[in-house]
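Q: Here is a sequence together with a model predicted from it:
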Amino acid sequence: MLDVNRTMPDCVFVEDTALVLDELAIMMSPGAASRRGEPPGIEPAIRQFREVKRVTRPATIDGGDIVVAGKTVFIGESGRTNAAGVAAMRELLTPFGYAVEGVPVFDCLHLKSACSALPGGRFLVNRDWIDVSPLSGMLVDVPDHEPWAADVLVIGQQIIVSDAFPATIQCLVDLGYDCVPVSVSEFAKAEGGVTCLSLVFQA
């Protein structure tokens, strides 16, 4: 847990500041002006574990718009991530063997609000909020009455899921996944999900 950025109102949503992969870390260029001071605060801690690259303005990108599935990185084209941000990520990631695919986002803040990569090549999605055509693999739809349920955090073979979405949890359990329900009700009031609150990687 870090002490930096505590005076910034959105600092708890630390996922938006960086993408950390096995090969490198990329500091984001937040789309909201109020968040542009967050990545520099986080960078020294990440630099202890990874080589660091940066996306810089006028390119903008939030970590919440990034879904990694193996060697493919899907990036939401949203109000927070522009075309220059997607292009900058492609330039940085291609030398490491990653493919970058843009995904139009039209009814939520970030791609991860409507899409998560599951183990085994599946995606948990709310197809009402994004264009799912760039996604490759089996799509698992969230129930209509749980539209916010597509944001889940995969750690190994376990899936961290908000306990507000029991139907989605049951759907994932029926598919053979090991689900761990957690409460994020207060963060959900600001469209925060389980992925938003951490940067998960192996040191």
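A: Perfect, I can see it now.
Q: quick one: the nearest residue to residue 12 once chain neighbours are set aside from residue 57, how far?
A: Closest residue to residue 12 apart from its sequence neighbours, by Cβ to Cβ, 6 or more residues apart in numbering: residue 197 at 6.2 Å. The C-beta positions use only the backbone N, C-alpha and C, and glycine is treated the same way. Relative to residue 57, residue 197 is positioned 25 Å away (Cβ to Cβ, to the nearest Å).
Q: of the two, who's got more company?
A: residue 197 (16 against 12; other Cβ atoms under 10 Å).
Q: Next, the residue nearest to residue 12: phi, psi?
A: Phi and psi for residue 197, reported as degrees, to the nearest 10, are phi -100, psi 10.
Q: ok, the residue most central in space within the chain - contacts?
A: Geometric centre of the chain, nearest residue: residue 64, 3.6 Å, by Cα atoms, centre = their mean. Taking Cβ atoms under 8 Å, 6 or more residues apart in numbering, we find residue 64 in contact with 13, 15, 16, 76, 80, 109, 110, 111, 112, 113, 195, 196.
Q: One more pass at 7 Å, please.
A: 15, 16, 110, 112, 196 (Cβ atoms under 7 Å, 6 or more residues apart in numbering).
Q: same thing with residue 117?
A: Residue 117 neighbours (Cβ under 7 Å, 6+ apart): 67, 68, 69, 123, 154.
Q: any idea how far the closest residue to the second one other than its chain neighbours is from residue 11?
A: When you say that, I think you mean residue 68. Of all residues not flanking residue 68 in the chain, residue 117 sits nearest, at 6.6 Å (Cβ to Cβ, 6+ apart). From residue 117 over to residue 11 the distance is 26 Å, taken as Cβ to Cβ.
Q: Identify the bridge partners of the residue nearest to residue 68.
A: Beta-bridge pairing for residue 117 (DSSP bridges): residue 123.
Q: Let me know the pLDDT of residue 161.
A: At residue 161, the model reports a pLDDT of 97.
Q: can you map out the strands along the protein?
A: Secondary structure of the chain (DSSP state E): strands at 18-20, 25-27, 52-54, 66-69, 72-77, 99-104, 115-117, 123-125, 139-141, 153-155, 158-162, 178-182.
Q: so how far is residue 144 from the residue lying farthest from the centre of the chain?
A: Farthest-out residue of the chain from its mean C-alpha position, per Cα atoms, centre = their mean: residue 174, at 24.3 Å. From residue 174 over to residue 144 the distance is 17 Å, taken as Cβ to Cβ.
Q: next one: residue 129
A: Counting by Cβ to Cβ, the separation of residue 129 from residue 144 is 12 Å.
Q: Which of the two has more residues huddled nearby?
A: residue 129 (22 against 9).
Q: you'd agree that one is up against residue 108?
A: Yes - between residue 129 and residue 108 there is a contact at 4.5 Å, judged by Cβ atoms under 7 Å.
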